[in-house]
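J.: Give the three-dimensional model of this entry:
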Amino acid sequence: MDLTLSPDEQAFRDEVRAWISDNHPGKEPEGLSEDDQWKFRVDWQRQLHEGGWAGVSWPKEYGGRGATLIESALFNEELAASRAPGPANVLALAMGGPTLIGHGSEEQKERFLPPILTAEEIWCQGFSEPESGSDLASLKTKAVKDGDDWVVTGQKVWTTYAHHAKWCMLVARTDSEVAKHRGLTYFLMDMEQEEVQVRPLRQITGEAEFNELFIEEARIPDENVIGGVGNGWMVAITTLMNERSGLAFGLQVRLKILLGQVIDLVKEQGLEKDPLVRQRIGQLYTESEIMRLNAWRGLTGIMKTGQPGPEGSLGKWHWSDINQALTEFTMDLRGPDAPATDSEFTFEFLRARANSIEGGTTEILKNIVAERVLGLPKLR
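T.: Presented below is the predicted three-dimensional model:
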């Protein structure tokens, strides 16, 4: 694995850096309402789109930049390093769009892809349920055919940005007579109907980015089935693989930024020569470097096969462990009053509690790595 950039790749990185430097929106203003915070992110995504940087990895014929896998990784690293906000429609850009490009009809691509890029239509992900979190195949939400429509009833939970979304990537059971993996279908559900109720879930940080969905006979036209009836499991796997495969590049940069802030805190407290403190910093830095190198190794695998593989689960699992260890370290450094003190460190510590749950629990990701990467036997 050669990590030396080619002249074209270095030129691409320089172009990304220059554009972000010239167009950086600055830190999100303090004291904004939730609606104004959201508008700030939407405006930033539209600015990215105008510059040709939204959907950077999408093919050019679908409005993207057609960047290579390496260029996409460089873009994610540079965006994170600049501390610019993420785009508002991140779930659709990173997951929904690639899924639609891979499994959707040309009519679906023409209809749904352009407003993803402009953030005119926000997407959310309706996978998890109260009794079916990481075990997606056990979901109970049902869809029944009624003429040219499907009538959907069920409940979803931990649905990020559902309160802003126009469309939901919804997986529902359409056949209960076959094996549970085979009876699923992947839909795009219009969130703007009375039969879909969105209730926010307030987090320990005070935010409410997650939501519950209560769906009572909502209607989805047959033309909004993605990938064919009964093929929902494979389409959903495409979504999940895209979610995890690109995470590591931006996340490892964020870890390095936070670690730099922690080192500054160590110096402020005069602990830079404490052997235990130095050992913990060294361990965290080493772990973040391993994560970076594994991300590039995973990218090499994608370049060989043409699609994300189960190796992406390793990056998400690794990041969860490192980020939680790092934020716990900040609490130790700041003393017993730290959890009750309003600061960026406290926010990061509280938010990190979700890392080992969201995007697939660490336990499930370990099973995926064991069975599908290492080839170990299944437990059951």
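
J.: quick one: residue 16 is in a helix?
T.: Yes: the assignment for residue 16 by DSSP: H, G, I helix; E, B strand; the rest coil puts it in a helix.

J.: residues touching it, list them.
T.: With contacts defined as Cβ atoms under 8 Å, 6 or more residues apart in numbering, the neighbours of residue 16 are 53, 74, 75, 78, 79. For every residue, glycine as well, the C-beta is placed using N, CA and C.

J.: which ones among those residues are found in strands?
T.: Using DSSP state E, no member of the contacts of residue 16 sits in strands.

J.: Dump these into CSV; add distance to residue 365 as well.
T.: Listed next are the contacts of residue 16 as CSV, based on distance: Cβ to Cβ, whole Å:
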residue, distance to residue 365
53, 30
74, 25
75, 25
78, 27
79, 24
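
J.: Just the residues you listed: which are in helices?
T.: 74, 75, 78, 79 (DSSP state H).

J.: just those residues now: which is nearest residue 233?
T.: Taking Cβ to Cβ as the measure, residue 233 lies nearest residue 75 of these, at 30.6 Å.

J.: per-residue confidence at that closest one?
T.: Predicted confidence (pLDDT) at residue 75: the value is 93.

J.: burial measure for the closest residue to it other than its chain neighbours, as a count.
T.: Spatially, and ignoring its direct neighbours in sequence, residue 75 is nearest to residue 56 (5.0 Å; Cβ to Cβ, 6 or more residues apart in numbering). A count of nearby residues for residue 56, using other Cβ atoms under 10 Å, gives 20.

J.: Then residue 188?
T.: Counted with other Cβ under 10 Å, residue 188 comes out at 23.

J.: any idea how far the closest residue in space to residue 19 that isn't next to it in sequence is from residue 280?
T.: Excluding its sequence neighbours, the residue lying closest to residue 19 (Cβ to Cβ, 6+ apart) is residue 51, at 5.7 Å. Residue 51 sits 40 Å away from residue 280, taking Cβ to Cβ, to the nearest Å as the criterion.

J.: what about these two, which has more around it?
T.: Set residue 51 next to residue 280 and count neighbours by other Cβ under 10 Å: residue 280 wins out with 19 against 14.

J.: so who does the more buried one touch?
T.: By Cβ under 8 Å, 6+ apart, the contact list for residue 280 reads residue 329.

J.: Check it and give its pLDDT.
T.: 96.

J.: so it is in which element?
T.: For residue 280, the host element (DSSP states H and E) is helix 275-305.

J.: again with residue 185
T.: Assigning secondary structure by DSSP H and E places residue 185 in strand 184-190.

J.: now residue 219, what's its secondary structure?
T.: strand.

J.: burial measure for the closest residue to residue 102 other than its chain neighbours, as a count.
T.: Excluding its sequence neighbours, the residue lying closest to residue 102 (Cβ to Cβ, 6+ apart) is residue 238, at 5.5 Å. Applying other Cβ under 10 Å, we find 21 residues neighbouring residue 238.

J.: Let me see the contact set for residue 238.
T.: Contact analysis of residue 238 by Cβ under 8 Å, 6+ apart lists 98, 99, 102, 103.

J.: gap between whatever helix or strand the third one lives in and the chain center?
T.: Under DSSP H and E, the secondary-structure element containing residue 102 is helix 97-103. The gap between where helix 97-103 is centred and where its chain is centred comes out at 16 Å by Cα atoms, centre = their mean, to the nearest Å.

J.: what's in contact with it?
T.: 55, 57-59, 62, 108-109, 112-113, 116, 169, 186, 226-227, 231, 235, 238-239, 242.

J.: one step back: next, report how far the helix holding residue 280 is displaced from the centre of its chain.
T.: The mean C-alpha position of helix 275-305 is separated from the chain mean by 19 Å, Cα atoms, centre = their mean.

J.: Give the buried residues for stretch 302-317.
T.: 302, 308, 309, 310, 311, 312, 313, 314, 315, 316, 317 (16 or more other Cβ atoms under 10 Å).

J.: Just those residues: which are in helices?
T.: Those of the buried residues of stretch 302-317 lying in helices (DSSP H): 302, 312, 313, 314, 315, 316, 317.

J.: which among those residues gets closest to residue 257?
T.: Once Cβ to Cβ is applied, the member of those that ends up nearest residue 257 is residue 315, at 17.3 Å.

J.: returning to what we had before: tell me which residues of the helix holding residue 102 are tucked away?
T.: Quick answer for helix 97-103 (16+ other Cβ under 10 Å): 97, 98, 99, 100, 101, 103.

J.: Spatially, which two of these are the most separated?
T.: The largest separation in the buried residues of helix 97-103, counting by Cβ to Cβ, is between 97 and 103 at 11.4 Å.

J.: Which segments of this structure make up each domain?
T.: Per automatic domain parsing, the structural domains of the chain span 7-88, 123-231, 246-373.

J.: hey, which of those domains is tucked in deepest?
T.: Between the domains of the chain, domain 123-231 has the highest mean count of neighbours, a mean of 18, where neighbours are mean count of other Cβ atoms under 10 Å.

J.: what about it, distance to the chain center?
T.: For domain 123-231 - counting by Cα atoms, centre = their mean - the centre lies 18 Å from the chain centre.

J.: measure that domain end to end?
T.: One end of domain 123-231 to the other measures 21 Å (Cα to Cα, to the nearest Å).

J.: The residue lying closest to residue 12 once chain neighbours are set aside and residue 82, how far apart?
T.: Counting by Cβ to Cβ, 6+ apart, residue 71 is the residue found nearest to residue 12 once chain neighbours are left out, at 4.9 Å. Distance, residue 71 to residue 82, by Cβ to Cβ: 16 Å.
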